[in-house]
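Engineer: no sequence for this one, just the structure:
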């Protein structure tokens, strides 16, 4: 029989979903830093790929989906994860659409000025939304592994 308490399902499947989802949600945020440090140590200079979180959106999407599934099962952190994932997807699509509409993506327009700043601001907000999903995942994992003293006393 599965352990169901006031928070929802805290079984091993939900915990595995939350852990894998958290790892996948954080990868697009952490990998640019890891690669920059490795390149610096190897003597290639400081090479930081600030577009990598956008390039790895599918990894973040899978991770966010797993986190959302775990959050729905556990009935915890659903709003934080769902809103973060939705905002991230919207901002990424919006920044890409803005780059295409303005001609920056095709090279018709020089990538400078307030339009480029707006695109970078949307990408920055996208990264913050991914961090929101990742934080939601860490909090969900913490909630799932928290020892509930009420069960023992009952």
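Structural biologist: Arrived safely, thanks for sending. Since we're looking at a predicted model, the values are computed, not measured.
Engineer: determine the longest helix present in this structure.
Structural biologist: In the chain, taking DSSP state H as the definition, the longest helix is helix 113-145.
Engineer: what packs against it?
Structural biologist: Where contact means 3 or more CB pairs under 8 Å, 6 or more residues apart in numbering; DSSP states H and E, helix 113-145 is packed against helix 12-41, helix 52-55, helix 57-74, helix 78-102. C-beta coordinates here come from the backbone N, C-alpha and C atoms, glycine included.
Engineer: mind checking which of those is nearest residue 131?
Structural biologist: helix 12-41 (6.1 Å; CB to CB).
Engineer: and the angle for that closest one with helix 78-102?
Structural biologist: Interaxial angle of helix 12-41 relative to helix 78-102 (axes from the mean of the first three to the mean of the last three CA atoms, to 10 degrees): 50 degrees.
Engineer: mind listing what's buried in helix 12-41?
Structural biologist: Residues of helix 12-41 classed as buried by neighbour count (16 or more other CB atoms under 10 Å): 14-15, 17-29, 31-32, 36.
Engineer: got it, and stretch 72-85?
Structural biologist: If you call a residue buried by 16+ other CB under 10 Å, then stretch 72-85 has these buried ones: 72, 73, 74, 76, 77, 78, 80, 81, 82, 84, 85.
Engineer: separation between residue 74 and residue 27?
Structural biologist: Computed as CB to CB, to the nearest Å, the residue 74 to residue 27 distance reads 22 Å.
Engineer: pLDDT on stretch 21-29, on average?
Structural biologist: For stretch 21-29, mean pLDDT is 97.
Engineer: for residue 137, which non-adjacent residue is spatially closest?
Structural biologist: By the measure of CB to CB, 6 or more residues apart in numbering, the closest residue to residue 137 outside its immediate chain neighbours is residue 22, 3.4 Å from it.
Engineer: in this structure that neighbour contacts residue 138, no?
Structural biologist: Yes. Taking CB atoms under 8 Å as the definition, residue 22 is a contact partner of residue 138 at 5.9 Å.
Engineer: quick check on residue 49: phi, psi?
Structural biologist: Residue 49 adopts backbone torsions of phi -90, psi 90, taken as degrees, to the nearest 10.
Engineer: wait, isn't it in contact with residue 35?
Structural biologist: Yes. Between residue 49 and residue 35 there is a contact under CB under 8 Å: 6.7 Å.
Engineer: what sits against the residue positioned nearest the centre of the chain?
Structural biologist: Of all residues in the chain, the one closest to the mean position by CA atoms, centre = their mean is residue 130, 3.2 Å from it. Taking CB atoms under 8 Å, 6 or more residues apart in numbering, we find residue 130 in contact with 25, 28, 29, 53, 60, 84, 88.
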